[in-house]
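In: Take this sequence and fold it.
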Amino acid sequence: MIDVIHFYRVWDLEKVKAFYGTLLQLPLYKDQGECLIYCAQGHGKIGFCTHHPSTFNDTSCITFVYETQEDVDAMYDYLVKHVDHIHPPSTNKTFDIYHFFCKDTQGLSLEFQVFLK
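Out: Residues are numbered from 1 along each chain as shown. Take a look at the predicted model:
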């Protein structure tokens, strides 16, 4: 199973909490300190982060969430043969994820990851 998270760069997580958590009443899926992820009521998830690596196109990233590290590695092995701008998988201890980034044919940032906890 693959889940999707759309991430957006923001500057004030307290305002995000007030709008998406309180006003829109979206359930909080994960609070990662620098990043809040909300459930979009059966339509994947939406994340808001105060950080972004320089690989992101503008202020957004489409993230595909897998169930295992092996799934992420298999996708990397597949895409590395077809995509020019791709970074090898790594563990991000800050967010407790295993992931890699690449660009699609339009230059949009894509992330393929698994939550380790």
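
In: now for the helix ranked longest in the chain, which elements pack on it?
Out: When the chain is parsed with DSSP state H, its longest helix is helix 69-79. Under the contact definition 3 or more CB pairs under 8 Å, 6 or more residues apart in numbering; DSSP states H and E, helix 69-79 sits against strand 97-103, strand 109-115. C-betas here are computed from N, CA, C, even on glycine.

In: so which of the ones you listed gets nearest Pro27?
Out: The closest of the helices and strands packed on helix 69-79 to Pro27 is strand 109-115. By CB to CB, the value is 16.2 Å.

In: any low-confidence regions in this protein?
Out: 1, 52-59, 106 (pLDDT under 70).

In: Tell me which residue lies farthest from the centre of it.
Out: No residue in the chain sits farther from the centre than Leu23, which is 23.2 Å out by CA atoms, centre = their mean.

In: dump the residue contacts of that one.
Out: When the contact criterion is CB atoms under 8 Å, 6 or more residues apart in numbering, Leu23 has no partners at all.

In: Give me the phi and psi for it.
Out: phi -70, psi -50 (degrees, to the nearest 10).

In: Torsion angles phi and psi at Val16?
Out: Torsion angles, degrees, to the nearest 10, at Val16: phi -60, psi -50.

In: Going forward, the N-terminal residue is numbered 95.
Out: I'll keep to 95 as the first residue from here, and by that count the last item is Val110.

In: Now it. Nearest residue, chain neighbours left out?
Out: Spatial nearest neighbour of Val110, excluding adjacent residues (CB to CB, 6 or more residues apart in numbering): Phe142 at 4.6 Å.

In: Quick check: beta-bridge partners of the one you found?
Out: Tyr102, Leu130 (DSSP bridges).

In: burial count for Leu202?
Out: By other CB atoms under 10 Å, 14 other residues sit near Leu202.
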